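S.K.: Pasting the sequence and the predicted coordinates here, then a few questions.
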Amino acid sequence: MTRVAVIGAGMTRFVRRAEETPGELASRAVAMALADAGLGLEDIDSVCLGTAPDAFDGVHMKGEHLIAGAGATRKPYLRHFVGGGTGVMSPIHGWMHVASGKFDTCLVVCEEKMSPCVPHPAGAFLTIFDHTTEQPLELTLIHIFALEMARFMHAYGYTEEEIARVSVTHKRNALDHPAAQIPEEITVADVMASKLLSWPVKRLDISPTSDGAVAIVLASEDVARARGITPVWIEGVGYRLDTAYWCTRDLAFPEYVALAAQDAYRMAGITRPAEEIDVWEPYDPFDYKALHHMNGLLLDRTGRTVRRLLESGAFERDGSHPMCPSGGALGVGNPISATGLMKIAELYFQLSGQAGKRQVPREVHRGIAQAWGDLMQVGTVVVMSSEGSLPIRQSNWSGVTADDLPGTPLKSVADAPHVEYHPDLPYAWDHGYALTTYLEGFRVGKIRASYCAGCDRMMIPARPFCEVCDLRAVDRYFDLPDTGTVQTYTISHVDWASAPLPEGKVNIFAVVAIDGAAEKMGLVHLLGEVDPAEVRIGMRVKAVWKPETEREGKVTDLAYFRPLAPEEEAGEAEVVMVKPAELTRATAGSIRGRIPLDYAYTAGLGGRRFYTDLAEGKLSGTWCPECEVLLIPPAGFCEECLEVLDPEAQARAVDAGSGVVTAHTLVFEDRAGRPLDAPVWVVQVEFPDAVGSVIGRLLGDPEDEVLLGLPVELVPTKEVGPEHVAFRAVG
Amino acid sequence: MGVAVMGVGMCGAFPASDGLSYRELIARAAQMAYRDAGIVPSQLDGAVSVEEDFVSGYSIADEYVPDQLGVPRKPVYTICGDFLHGFGSAVMQIETGRFELVVVEAYSKASNVLHKDELLHFAFDPITERLGVSPHYLAALEMQHFLAGSGFDLDDVAEVARRNREIALDNPLAPYGGRTTIEDILESRPVALPLTEPMIARHADAAVVVVLGTDEAARRLARKPVFVAGTGWGSASSIVARRDLGTSEGTEVAAGLALAEAGIEDAAAECDVFYVSDLYAHRQLLHMDALGLGDAELPALNPDGGCLGMGDLFEANGGARLYDAVLQLRGEAGSHQIEGAGVALVHGWRGLPTDSAAVAVLERERRTA
């Protein structure tokens, strides 16, 4: 197995909203990383890219969309994905490329644009929840974090104030990070006073949504040494993904992080992480998460080490266990996948002495970075190390400031040419056998489970095989009591899109462990008929069902759980075996849903030029000085050499009336596949002395035959968007 | 070191599968693959799922992967690509020497995606490519470029569709087998001229699961392993306006890697069975060109009926081809067995608007040490 080194890094600024397109953002990080590594695109054997849910950037198969900007044109390219864990999965996947011996170099890129989501990226998180068993409750990401935070505080005795110290430290550390989005000096009081979104989560407990891109270059040992740079090695990797049934486990301790860390430590030969790791970059999308993850990285279920380190100030940059010296997600920003790679870049800087003002004072030889993702499921961990004594390097990176980093912040998407889009994407998800039985239970006012004899677990939701017993078939279904115990809860002041609820209204979500089910086996639901101030972990509750006539076979047939008074307790939990539903045409159902988001995409640097020209019936190309070609449409980068381009400064006019049709088709259907009233000509048009083409509609009678070579001209329009790009025959 | 295919499992293909949830569909294929491989999932060192969020209809598709594969808490990640991309990644994973047994999975519940063309349109660049008309326009432009630069014509394109659907009649798993004529295909309903409806693979539901292991583990545990001779993948530019639409450079890069690794110089002569993506009929010809197969007469081409016969299975397409390739090499393909199949070349393409492709070469026995 070949050793793998990090030999260069690049990144854009992290901003709330960037004007650059996803590809333009990625290209800028890539160009910087290549320059840092002293390599050209031709030296890159392979590219792998990480980007988190397509729902943010608003492009299906987003990984494909990023190929050109990632420097992957005509190269082996893969996009890997594990939700929020993607950023640290990226170097792991890159490591596989080189450690396997298949490639000598691998360019690893992470890009995220969260800003296109309208009205707010938070809405994209509705669809991370199970479409049948959870989405009808209209949960969002903040809720699952809040549930975990409450459980964490309960299990380890932390107060909100203690946790807030993490936010304070990280935001302060970020003052020294050139890419930082909102670095600032705040106090614990500021955090406590910030808007309560879903108790215990407040606005300043959370990292901001961001746009940004980061790239690193990985190389085999031979290539790294030939470069003459002291390598920073990837010494250990680990990644673990837990069950999707997140209500069946105690959220207090991240088992998936601990397991991933153990894998990484084993590979790196680390037996005492607390002593052998010098710098720590756990993922901190929320402040409590840094501590939660550190318990996992320290393999310490008691939580005592982390508490001691927090209280003694050891997590500060000048402490014994510097945590997030970069400023983390909380301070630098959280363009999901790019955040994880930013942490990897930070380890690269720290371990090679290039971290400038952020350089931790103690000598560092080993660092660890970690990311998390999904429904409290994914842990991705990388251990990196330097060789010998810390080299003091004066490099470009030591003195980099925000002005040196690319990325054009926009206050509002309306400040630049942009395209609005409403995707019409409905789905109908088949229930199948087990869910039909489970949902039929709700319709008749029962909480239904299935039982696996292999592991002696009564499981909710009812499922047809056991995921821990090698897919052993599960055929026994039972009705359980509709009572249970609150495992954790949150009091929400926001809806699924993070918009505030009406004044005075709150939603109380809770994970309720159901009586008769396996220990801690629960489901998430609402609490009602209870004063929020009275809710407690350990509270006994009972289901309140909708009237029979209103039940539809959905999880919302159960309206909410209410407090169960001691005198109402039934004694022994009554568990009754039931006949599973027979699947027929009548009973085999599905649940409908849709992508609930709209988008406003910035046209980007190249697009701004194109549509500004188009408003006047003009066209320009962008000159690439490296390849000596004129690119149309205007481009923010050249995909052949990855030269970063300025479509304004490097614009050269093209005669918009000199187009020639090089391909055409008569289209009979609209974008959803429905027949058009009248078919539409689509043409591909090339222009003399320019590389590339413009694709658009051809105006005029669809009956007329269109010939290859037809001279056409662009029709001026002030509208922005490809639907408005049109040509007409010249003369 | 050597990586082998230890076991394969498939459930499908069906035009619709409403009696099975996606979990049940995948679990069915997974259990078949595990039995075939001689293992239980707790023995696995990792899993690779091949999936796209918007095809599944929820965000962060990898959340919902481990359970129906029986691998909660194991090393699992998703590849957003064709099955063969995930396959290539899993092979690399094993070749690091840190993983011995890895499972690769993909599925299609296309019948649950109610607006498929809209979904495809959503994959196009929002600033330059979403014209607001059928996204198949791009296939028509491609076809025109390709036909102009090759010796093929529209009849040849229609013949691909006619042949693959007829062959599918011999594959019990293929839902879209049928006998038709070139005239029928050319006279059928136009979508984006010269593309007519039968030139586009219809969608279907299926799940495919493949267990990979080291050669050593495969010989020890599996019933009838076949061996991975080479893998490769590649992508042409994502900027459609500047891409050469008449070629598949992605396929050229993928084939270059895979064939070199397999030590194959003349694929047409040295391979016995060929699977070439026919998501659109013209693309099969275009890919043949890029694979260096030109207009070779290949009787053993897409013997399972290809995408046109089995259905467009989204990310699982390459997996369905690979499943058949394994059966062929084992001599277990029954009614559509290619006699003497010793080496299989399996190609996959991600579909519009990409030119991303992947290739795997499998062999019945290790030909090289």
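M.R.: On my side now, so go ahead. Numbers count the residues shown, from 1 in each chain, chains lettered A, B, ... in the order given.

S.K.: Which of the three states applies to B:P175?
M.R.: coil (DSSP: H, G, I helix; E, B strand; the rest coil).

S.K.: my guess is it meets B:P15, correct?
M.R.: Yes: judged on CB atoms under 8 Å, B:P175 makes contact with B:P15 at a distance of 5.3 Å. Backbone N, C-alpha and C define where each C-beta goes, glycine included.

S.K.: which neighbours do the two share?
M.R.: By CB atoms under 8 Å, 6 or more residues apart in numbering or on different chains, B:P175 and B:P15 have these common neighbours: B:A204, B:G311.

S.K.: Please identify which of these two sits among more neighbours.
M.R.: Taking other CB atoms under 10 Å in any protein chain shown, B:P175 and B:P15 do not tie; B:P175 has more neighbours (19 against 14).

S.K.: how much space is there between that one and chain A?
M.R.: 17 Å (CB to the nearest CB, to the nearest Å).

S.K.: for B:P303, phi and psi?
M.R.: Dihedral pair for B:P303: phi -60, psi -10, per degrees, to the nearest 10.

S.K.: thought it was touching B:H336?
M.R.: Yes: with contacts counted by CB under 8 Å, B:P303 reaches B:H336, the gap being 5.1 Å.

S.K.: Same drill for these two, tell me which one is more crowded.
M.R.: Neighbours of B:P303 and B:H336, each counted by other CB under 10 Å, are more numerous for B:P303; the result is 27 against 20.

S.K.: which residues sit in contact with that one?
M.R.: Applying CB under 8 Å, 6+ apart, the residues near B:P303 are B:I167, B:N171, B:V273, B:D324, B:Q328, B:A333, B:H336, B:I338.

S.K.: and if we set it to 6 Å?
M.R.: Going by CB atoms under 6 Å, 6 or more residues apart in numbering or on different chains, B:P303 touches B:H336, B:I338.

S.K.: Which pLDDT does the model give it?
M.R.: If you check B:P303, the pLDDT there is 98.

S.K.: measure A:G313 to A:P322 for me?
M.R.: Distance, A:G313 to A:P322, by CB to CB, to the nearest Å: 11 Å.

S.K.: meant to ask about B:V91
M.R.: Distance of B:V91 to A:P322, given as CB to CB: 39 Å.

S.K.: what does B:P225 give?
M.R.: Taking CB to CB, one finds B:P225 at 49 Å from A:P322.

S.K.: More neighbours: which of the two?
M.R.: More neighbours surround B:P225 than the other of B:P225 and A:P322, with 28 against 23 (other CB under 10 Å).

S.K.: what's the closest non-adjacent residue to that one?
M.R.: Counting by CB to CB, 6 or more residues apart in numbering or on different chains, B:A218 is the residue found nearest to B:P225 once chain neighbours are left out, at 3.7 Å.

S.K.: Where does chain B get nearest to chain A, residue-wise?
M.R.: Closest contact between chain B and chain A, by CB to the nearest CB, is at B:S21 (2.9 Å).

S.K.: and that residue, what is it in contact with?
M.R.: Counting by CB under 6 Å, 6+ apart, B:S21 touches A:D430, A:H431, A:G432, A:L435.

S.K.: And for the third one, the neighbour number?
M.R.: With neighbours defined by other CB under 10 Å, the count for A:G432 comes to 25.

S.K.: Run a quick neighbour tally on the spatially closest residue to A:V47 that is not a sequence neighbour.
M.R.: Once flanking residues are discounted, A:V47 sits nearest to A:A72: 3.9 Å by CB to CB, 6+ apart. The number of residues packed near A:A72 is 33, by other CB under 10 Å.

S.K.: for A:A72, helix, strand, or coil?
M.R.: Judged by three-state DSSP, the three-state class of A:A72 is coil.

S.K.: which ones are touching A:H422?
M.R.: By CB under 6 Å, 6+ apart, A:H422 lies in contact with A:D598.

S.K.: Using CSV, write down the CA coordinates of stretch A:133-151.
M.R.: In CSV, the C-alpha atoms belonging to stretch A:133-151 read as follows (Å, rounded to 0.1, in the frame of the first residue of the first chain):
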residue,chain,number,x,y,z
THR,A,133,-42.6,7.8,8.7
GLU,A,134,-41.3,11.2,9.5
GLN,A,135,-41.7,13.9,6.8
PRO,A,136,-45.5,14.2,7.5
LEU,A,137,-44.4,15.7,10.9
GLU,A,138,-42.6,18.5,9.1
LEU,A,139,-39.3,18.3,10.9
THR,A,140,-36.2,20.1,9.9
LEU,A,141,-32.6,19.8,10.6
ILE,A,142,-32.6,22.2,13.6
HIS,A,143,-35.1,19.9,15.3
ILE,A,144,-33.0,16.8,15.2
PHE,A,145,-30.0,18.8,16.4
ALA,A,146,-32.1,20.2,19.2
LEU,A,147,-33.2,16.8,20.2
GLU,A,148,-29.6,15.6,20.2
MET,A,149,-28.4,18.7,22.1
ALA,A,150,-31.0,18.2,24.8
ARG,A,151,-30.1,14.6,25.2
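
S.K.: What average pLDDT does that stretch get?
M.R.: Average pLDDT, stretch A:133-151: 95.

S.K.: got the residues of the stretch 351-500 of chain A near chain B?
M.R.: For the stretch 351-500 of chain A, the contact set with chain B under CB under 6 Å from any CB of the partner chain comprises A:374-375, A:419, A:421, A:423-432, A:435, A:464-465, A:467, A:470-471.

S.K.: Just the buried ones from these?
M.R.: Applying 16 or more other CB atoms under 10 Å in any protein chain shown to those, the neighbour count classes A:374-375, A:419, A:421, A:423, A:425, A:427-432, A:435, A:464-465, A:467, A:470-471 as buried.

S.K.: on contacts alone, who are the packing partners of the longest helix seen in chain B?
M.R.: Ranked by number of residues, the top helix in chain B under DSSP state H is helix B:22-37. Here helix B:22-37 touches strand B:3-14, helix B:66-69, strand B:101-109, strand B:205-214, going by 3 or more CB pairs under 6 Å, 6 or more residues apart in numbering or on different chains; DSSP states H and E.

S.K.: Hey, what's the angle from it to strand B:3-14? Just curious.
M.R.: Relative orientation of helix B:22-37 versus strand B:3-14 (axes from the mean of the first three to the mean of the last three CA atoms, to 10 degrees): 140 degrees.

S.K.: Any buried residues in helix B:22-37, and which?
M.R.: Buried residues in helix B:22-37, counted by 16+ other CB under 10 Å: B:22-34, B:36-37.

S.K.: ok now it, how far from the chain's centre?
M.R.: 18 Å (CA atoms, centre = their mean, to the nearest Å).

S.K.: same deal with stretch B:344-363?
M.R.: Its chain's average C-alpha position is 6 Å from that of stretch B:344-363, according to CA atoms, centre = their mean.

S.K.: First-to-last residue distance for that stretch?
M.R.: One end of stretch B:344-363 to the other measures 6 Å (CA to CA, to the nearest Å).

S.K.: Could you do stretch A:53-67 as well?
M.R.: Counting by CA to CA: the opening and closing residues of stretch A:53-67 are 16 Å apart.

S.K.: go on, stretch A:709-719?
M.R.: 27 Å.

S.K.: wait, does it contact chain B?
M.R.: No: against chain B, stretch A:709-719 shows no contacts by CB under 6 Å from any CB, the least distance being 11.5 Å.

S.K.: This completes my enquiry, with thanks.
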